[in-house]
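> With the sequence up front, the predicted model follows.
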Amino acid sequence: MPTPDQSIELSDKSQITIPVRNLITLVVAVAFLITGYFSVTERINFLERDSELMDVHVQQNSEFRIKWPRGELGSLPADAEQNMRLNHLEEQLDGIIDDLILLRAK
């Protein structure tokens, strides 16, 4: 250790001594820190992507929930068949009513 009246000179030829055990510990600690950093970053990215996908699904579900009852998204094949049957029954009922009106008029 230099005395107060001595100055420390650093150059490209300066040497630092460190025990190998401490050097290995430092390298392992840095490796663990780097691995931990990338693991946390990966997890955050995964959660952000998952959150964005959930937002898309929620928006699509909300749109479906509003537009389906209004008939803006089409109808099921069973609904189309039911509508055809109802239209046919309405036509038959109109014919029967017309026949009844004609019978009463006579």
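It's in.

> Per-residue pLDDT of residue 16, please?
The model reports residue 16 with a pLDDT of 83.

> Show me where the protein dips below the pLDDT cut-off.
1-5, 75, 77 (pLDDT under 70).

> so who does the residue positioned nearest the centre of it touch?
Centroid-nearest residue in the chain, with Cα atoms, centre = their mean: residue 53, separated by 1.2 Å. Residue 53 makes no contacts at all, as judged by Cβ atoms under 8 Å, 6 or more residues apart in numbering. In short, each C-beta sits where N, CA and C put it, glycine included.

> What distance do you get for it to residue 65?
18 Å (Cβ to Cβ, to the nearest Å).

> picking that back up, how far does the particular helix or strand that has the residue nearest to the centre of the chain in it sit from its chain's centre?
Using DSSP states H and E, residue 53 falls within helix 20-70. Distance, stretch centre to chain centre, for helix 20-70: 11 Å (Cα atoms, centre = their mean, to the nearest Å).

> again with stretch 74-90
37 Å.

> Roughly how far does the residue nearest to the centre of the chain sit from residue 47?
Taken as Cβ to Cβ, the span from residue 53 to residue 47 is 11 Å.
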